[in-house]
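J.: 3D model of this:
(one chain, ligands or ions: 1)
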Amino acid sequence: MTSFGERLRSAVDARGRLCVGIDPHASLLAEWGLDASAAGVREFGLRVVEASAGAVGIVKPQVSFFEPYGSAGIAALEDVMRAARDAGLLVLADAKRGDIGSTMDAYGAAWLTPGSPLEADAMTVSPFLGVGALDGTFKIAERGGKGVFVLAATSNPDGRALQGAALSDGRTVSAGIVAEVSARNARTTPEGEWASLGFVVGATVDWQEAGLTAFAPPAPILAPGFGFQGADAGELDRRFGEAAPLVIASESRSILSAGPGGIAARVAERAEQYARVDV
Ligand SMILES: O=C(O)c1cc(=O)[nH]c(=O)n1[C@@H]1O[C@H](COP(=O)(O)O)[C@@H](O)[C@H]1O
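T.: Purely as a prediction, here's the structure:
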C-alpha cells in the first residue's frame, strides 16, 4: 500500500501544489445562485470538484459549512467527497478534530477508515489536548494509508499568543508540536519518502517568530492563508524557505469568488501561478 505521504508527493509532482478549498459560505452560495441548504452545498461542492478535476490534485472540503444542514448536509459532504475521490483528487477533510484519545480514535475512524461513509485521504486535527491524544488517529491513518495534518502554527493572528508561547524548555508550543509529531514520523517514514503526518502552517506565519525550522523527516505542510487572507503565491519561497517544496498551498474564497461561470478559469490561473514558483 502506498503511503499517504507518497500519494501526496505524486499528486504534487503531477498536478502542482495548489489545493482548492471547498468552503460553501452562505454568502458564496447566494453569489452562486444556490440556496443555503443541503442541496445548495452539495451542488456547490460538486461544481468545485468538476472545476478542480484534472486541473489540480488536491481539494479540501471545509466540514463546518456542511454541518449547519444536519444529516442532509453530512450526506451532501459524503457525495462531494466521493465525487472528488472518484475524479482522482486527494481529499483533505478539514474537520479540525481534537479530543481525549479514546474519543479522538472515533473521529479518526470516521474520516480515515477505508470504506467509511466519510472516508477522506487525510484530515486536519488539533493537538491542543496533547499530541499523545492523537496517537490512535495516527495509527488508524497508517493502517489505511491515510494522512493527518496537525495544526502547528495557524494562519489567524489570534493563534499567535498561544501557539508562540514558550514551553518549559524554551521552545514555542508550535515547535514542540512539530518535534513530537516528527519523532513519530521518524519511526514510520522510510528514508527519502514524504511522511504521512503533516503540519498546518499558515502562509501568513512568520517562521522565526513561531520558532519553526525545516521538518525532519520531510513532512507535508498544509498552508492556508494564500489568497483571501493576504499571502501571495510569489512569496511562497521566501515565506517557507527550505520547506517550500513540501508546501500544499490552500485557497478557498479567492478561487470560489469567481462564481460558477468563472471557477474553472480561476483554478487554472491560480494553479499556473504556483507552477511558476521556483522552490
Ligand atoms: O486547517 C486549515 O485548513 C486552516 C488552518 C489555518 O491555520 N487557517 C485556515 O484558514 N484554515 C482553513 O483554510 C480555509 C481558508 O479559507 P480562505 O481564507 O477562504 O482561503 C478555511 O477553510 C479555514 O478553516
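J.: So which bits of the stretch 1-150 of the chain are right by the ligand?
T.: Residues of the stretch 1-150 of the chain lying close to the ligand (C-beta under 6 Å from any ligand atom) are 21, 23, 62, 94, 124. For every residue, glycine as well, the C-beta is placed using N, CA and C.
J.: Pull out the buried residues from these.
T.: Applying 16 or more other C-beta atoms under 10 Å to these, the neighbour count classes 21, 23, 62, 94, 124 as buried.
J.: Which strand or helix spans the first one?
T.: Assigned by DSSP states H and E, residue 21 falls within strand 18-22.
J.: Show me what that strand is packed up against.
T.: Applying 3 or more C-beta pairs under 8 Å, 6 or more residues apart in numbering; DSSP states H and E, one finds that strand 18-22 contacts helix 38-52, strand 58-61, strand 247-251, helix 253-256, helix 259-275.
J.: Adding mean neighbour count and distance to residue 168, write these out as a markdown table.
T.: Rendered in a markdown table, the data for the helices and strands packed on strand 18-22 read as follows (neighbours: other C-beta atoms under 10 Å; distance: least, C-beta to C-beta, whole Å):
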| stretch | mean neighbour count | distance to residue 168 |
| --- | --- | --- |
| helix 38-52 | 22 | 44 |
| strand 58-61 | 28 | 35 |
| strand 247-251 | 26 | 31 |
| helix 253-256 | 21 | 39 |
| helix 259-275 | 16 | 39 |
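J.: Could you dump the ones you listed into JSON lines with mean pLDDT added?
T.: Listed next are the helices and strands packed on strand 18-22 as JSON lines, based on pLDDT from 0 to 100:
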{"stretch": "helix 38-52", "mean pLDDT": "98"}
{"stretch": "strand 58-61", "mean pLDDT": "99"}
{"stretch": "strand 247-251", "mean pLDDT": "98"}
{"stretch": "helix 253-256", "mean pLDDT": "98"}
{"stretch": "helix 259-275", "mean pLDDT": "98"}
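J.: just to revisit the earlier point, going on from the strand holding residue 21, what's the next piece of helix or strand?
T.: Assignment by DSSP H and E places the next element after strand 18-22 at helix 26-31.
J.: buried stuff in that following helix?
T.: Within helix 26-31, the residues that count as buried by 16+ other C-beta under 10 Å are 28, 29.
J.: What of stretch 129-144?
T.: For stretch 129-144, burial by neighbour count (16+ other C-beta under 10 Å) applies to 131, 133, 134, 136, 137, 138, 140, 141, 142, 144.
J.: do stretch 97-104 as well
T.: Those would be 97, 98, 99, 104, for stretch 97-104 by 16+ other C-beta under 10 Å.
J.: Any chance of CSV for the residues you listed, columns secondary structure, distance to residue 84 and pLDDT?
T.: CSV is the format used below for the buried residues of stretch 97-104 (DSSP: H, G, I helix; E, B strand; the rest coil; distance: C-beta to C-beta, whole Å; pLDDT from 0 to 100):
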residue, secondary structure, distance to residue 84, pLDDT
97, strand, 20, 98
98, coil, 24, 98
99, coil, 26, 98
104, helix, 25, 98
